[in-house]
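S.K.: no FASTA, just this:
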């Protein structure tokens, strides 16, 4: 993208192009296979036979370069925090982050005495969708992903931003 | 063939050989590229669906908010392609930038050149070389240069491992693949693909089509050795150690993103098409109908050819989602200690067979 | 073997190492830490005791006044008996001999106890922090542990109420 | 880690890697594909379980034990409540014991299914993983029916369980077992007896019995090395002494005793044994009240206890020190996966990178339990 991003005046062609890109991005959000803790098991369950994330076009990628969505599934600790940041930086634009579970959102049950637990992954990377639950059910994760898709569809990647 | 026909046609307008050659190549090259892209899109969709059905899932269904990916997710791969096209093209800071950017094109060229000699039907073939079989095998190994470039330039240890494994694997499996394809060449006595297919006209044993696979026991074995080597050459499971997901993250493609990575994908599926095409042409009668003498003309040829190729590609997918993966040394073991002796023996056997029955 | 038999076996070999403590439970034995490596070697290699499995090492901080302790749970696969050894350390400078070479799992268990309590196991070949990052400050499971405020620029404790978020 | 010599290279596997089963980092010294040394780095999921237990009451520790071994939460609960009941000298009603055994064994099946499936994934077979997850999903449904949670249950309480068995649970469970038992054959056909799978795992990563004991390896990993040690049999707790079941040990089915295949196969056999226990237990659950012996206030007497139970990964021990207040003075969890991982270095030396993945997978580690 790079050179084309947010460079155009709003008009009907740019708007349709925006719509096309939004459609493409929202329809194939490949997620990053990045399980941290308990929630990773539920993430696996949602990708497995019963819930099947591929229905909405999600495909797991294990290299951050090829992924669009990072699902932070589980508790982020201090030791891990800098790695999470690095992995986020390694992803190619456009990139989105889902904070899955209360641990990733706020520290969850480890909030009060967890001297080694990061109190919310949003302290190190920007988060697009928070999915509550400890752990969230696969249905909840899918709901979060649908919300993310809605969000991507409203984006205007080409249109120049007016302040 | 297409190229020759075009050159001859341009010749009727006047004598400008260089220009007409370039024009002919471009005109026949663009559809070829489209075939390649279309093939990848359809194959990826089919692969996702096939894998889903094998795993008790339903695969892409285009469910989602707003404009989704159509009925049964038919537009899924189109969306994937557009997304990859506009995704950021990351080039790692510590990489060898020139080689890093070049590698996808080299791999693409390998697949593209191979596709040019695939006989889609008796007339639909971009170039009909007199050494077509040899040519496909030869250009098939161009991609290995690209893979090694990609692995080295990424400056990533996973990529390096993947590239080294891939180089060892593809170069090794070239040998059994080449030795297996010698069997049909010996039987037909030609390296030209069209002539090879023409040779397989008629019936054998009274009722079977005269395909080389049914001709004698040695060619029957040769088909399987060739198919196994072909799977290995396209880096598919159970020989997918270069990009072994559970070991090497994504192998030599680890650092690639966006469209460069999509080119790898494109080439992988084009390679599958090429090797399956060669297997079909060499052993399964190419565009010949499975019912000897019937439906053997014109567009039916394309239908039969693509049908057989699709079957082989389906079998490759079936393998991928069923088998575990071999280890590097076991892979080499299979190649050097099992396949190569068998193929050697085959060549010998076919020679004897031809001497006695031919 | 019962506790009494194990006790007498150790006592006959190393007289005076057993510290009498009325509060201990059924399988517990408090020892003086000075000859710990020799005792442990004896416990492992003696055919009657033959404690071939080190079940667990637990660090223990009794509070500000009390001592730091290391508690070892041994089990014998051969004779199917078990014992718990308690060794107390000086609070200022907690040191004890490492038994990492006798039971290989002692390596990680001792590293963990070092990480959490700062007890130094002398003779351990690779005594580093295991759970916390290498540059972590303090010994987290000591009763007087105060968590650090920042780690590589990331806020560690929860954001305080006066900042408008609880 | 030693000095890197000419041909050697340090390869860093993790913390983000598809087959480290979580956030484990392995520093691998390699010579080409051959591994000469491994240094595992753990602690990327250190969630301060022991610190939390020192700050919450005894009941509140149970949810934290759930989150330690998130694949077998019931068994984590089980170990804690058994230790607590022994410390407080509570005798629970027999119905509670039976329910606990049923739940523990169901969760053992679920955990082993995931372990075997992920192991297939490590070797490169995709489909068996999804088949096993599909069947695991039905077990989770039963848990959900019982206590409302899919993964982390907080089901077993000191002196009882949180909910009585729901209506018709026995029938549902028997139905599941009838459905599930033939599935094992399918797994075997698809994965266990697959030639490539056997080639990849047999003779690889042999753990001799004495090394296993010295490293404190327990559970299926120890039994695969030929040591017949199962806490359920050797130090029976709850009502395990009432049931008839075998302790499967490794036999070197396709290779050497104690290789990766044995560890895989012992788990498969254990699933069958769990089904046996379940069938016996479901047939004879006594009636009664599951809440009657739950104490109003948990205030154990001063003292300490170390008690271990058999979790799907091995000996899960709890060391609990009580000072007479409602808050534990010290809770230490002896994690079986922690000890299993520690032998990775010694076992994988001289093998290839692919084998390291195979060995790591066969140990069936859960990082939540290793790092606590």
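M.R.: Happy to help now that I have it. Keep in mind the model is a prediction, meaning the values are calculated, not measured.
S.K.: In contact with residue 62, which residues?
M.R.: Going with chain A. Contacts for residue A:62 (C-beta atoms under 8 Å, 6 or more residues apart in numbering or on different chains) come out as A:32, A:33, B:245, B:249, B:250, D:17, D:18. Just so you know, the C-beta spots here come from the backbone N, C-alpha and C atoms, and that holds for glycine as well.
S.K.: that's the wrong chain, I meant chain D
M.R.: Each residue near residue D:62 by C-beta under 8 Å, 6+ apart is listed here: D:77, D:80, D:81, D:154, D:156, D:157, D:158.
S.K.: Check residue D:183 too.
M.R.: Contacts here follow C-beta under 8 Å, 6+ apart; on that basis residue D:183 touches D:131, D:135.
S.K.: Around chain B, pick out the residues from chain A.
M.R.: Neighbours of chain B within chain A, by C-beta under 8 Å from any C-beta of the partner chain: A:1-2, A:19-21, A:23-28, A:48-49, A:52, A:54-57, A:59, A:61-63, A:65-66, A:68, A:90, A:92-94, A:146, A:149-150, A:153, A:157.
S.K.: can you tell me which of the residues you listed are in strands?
M.R.: Members of these lying in strands (criterion: DSSP state E): residue A:61.
S.K.: Can I get the buried part of the residues of chain A next to chain B as one ChimeraX selection?
M.R.: Applying 16 or more other C-beta atoms under 10 Å in any protein chain shown to the residues of chain A next to chain B leaves a buried subset, and the ChimeraX line that selects it is:
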select /A:1,20,21,23,24,25,26,27,28,48,49,52,54,55,56,57,59,61,62,63,65,66,68,90,92,93,94,146,149,153,157
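S.K.: The residues of chain A next to chain B in helices, which ones?
M.R.: A:19-21, A:23-27, A:90, A:146, A:149-150, A:153 (DSSP state H).
S.K.: what's the distance between the helix or strand harbouring residue D:131 and the middle of its chain?
M.R.: Element membership for residue D:131, per DSSP states H and E: helix D:127-147. Its chain's C-alpha centre and that of helix D:127-147 lie 16 Å apart, by C-alpha atoms, centre = their mean, to the nearest Å.
S.K.: For it, name the packing helices and strands.
M.R.: helix A:38-47, helix D:94-123, helix D:169-187 (3 or more C-beta pairs under 8 Å, 6 or more residues apart in numbering or on different chains; DSSP states H and E).
S.K.: want to throw the ones you listed into TSV with mean pLDDT?
M.R.: TSV is the format used below for the helices and strands packed on helix D:127-147 (pLDDT from 0 to 100):
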stretch	mean pLDDT
helix A:38-47	87
helix D:94-123	89
helix D:169-187	89
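S.K.: out of the ones you listed, nearest to residue D:264?
M.R.: Each of those has some distance to residue D:264 by C-beta to C-beta; the shortest is helix D:94-123, at 6.0 Å.
S.K.: The closest one vs chain B: in contact?
M.R.: Yes: applying C-beta under 8 Å from any C-beta, one finds helix D:94-123 touching chain B at D:120, D:121, D:122, D:123.
S.K.: before we move on, back to that, now render the contacts of residue D:62 as JSON lines, adding neighbour count, secondary structure and distance to residue D:32.
M.R.: Output for these, formatted as JSON lines (neighbours: other C-beta atoms under 10 Å in any protein chain shown; DSSP: H, G, I helix; E, B strand; the rest coil; distance: C-beta to C-beta, whole Å):
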{"residue": "D:77", "neighbour count": "29", "secondary structure": "helix", "distance to residue D:32": "46"}
{"residue": "D:80", "neighbour count": "28", "secondary structure": "helix", "distance to residue D:32": "47"}
{"residue": "D:81", "neighbour count": "27", "secondary structure": "helix", "distance to residue D:32": "51"}
{"residue": "D:154", "neighbour count": "19", "secondary structure": "coil", "distance to residue D:32": "49"}
{"residue": "D:156", "neighbour count": "29", "secondary structure": "strand", "distance to residue D:32": "50"}
{"residue": "D:157", "neighbour count": "23", "secondary structure": "strand", "distance to residue D:32": "55"}
{"residue": "D:158", "neighbour count": "24", "secondary structure": "coil", "distance to residue D:32": "55"}
